[in-house]
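Participant: the following comprises the amino acid sequence and a computationally predicted model.
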Amino acid sequence: MSKSILKFSRVGCNPCKVMSNFLQDKGVDYKELDVEEDAQLAVQYGIGGVPTLLLVDENNDVLDRVVGFNPSDIEELISKQ
């Protein structure tokens, strides 16, 4: 099963920047989406706050979600990829 990580953020969000740096330091491949530019996707996935990470399968079904910058929760989500 193919899985990918989607990161929802917005311009000017400091926790979003910290999360991006954390993911890059870990060498994680992810797709960055802006909640304003990609509003339809944000609504589709029920994004209520940023930053939000989603682990999705090949059908784009959500397998796991992390809201906010919490390193231990992010590590757990990454381990499921």
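Facilitator: Ah, there it is.

Participant: low-confidence stretches in this protein?
Facilitator: Residue ranges of the chain with pLDDT under 70: none are present.

Participant: what about the strands in it?
Facilitator: Assigned by DSSP state E, the strands in the chain fall at 3-9, 31-34, 52-57, 62-67.

Participant: for the second one, packing partners?
Facilitator: In other words, strand 31-34. strand 3-9 (3 or more C-beta pairs under 8 Å, 6 or more residues apart in numbering; DSSP states H and E). C-beta coordinates here come from the backbone N, C-alpha and C atoms, glycine included.

Participant: apply 10 Å and report the result again.
Facilitator: With contacts taken as 3 or more C-beta pairs under 10 Å, 6 or more residues apart in numbering; DSSP states H and E, strand 31-34 sits against strand 3-9, helix 14-25, helix 39-44, strand 52-57.

Participant: among the ones you listed, which comes closest to Ser79?
Facilitator: Checking the helices and strands packed on strand 31-34 against Ser79 by C-beta to C-beta gives strand 52-57 as the closest, at 10.0 Å.

Participant: now do the closest one and helix 14-25, the angle between them.
Facilitator: Using axes from the mean of the first three to the mean of the last three C-alpha atoms, to 10 degrees, the direction of strand 52-57 lies 40 degrees away from that of helix 14-25.
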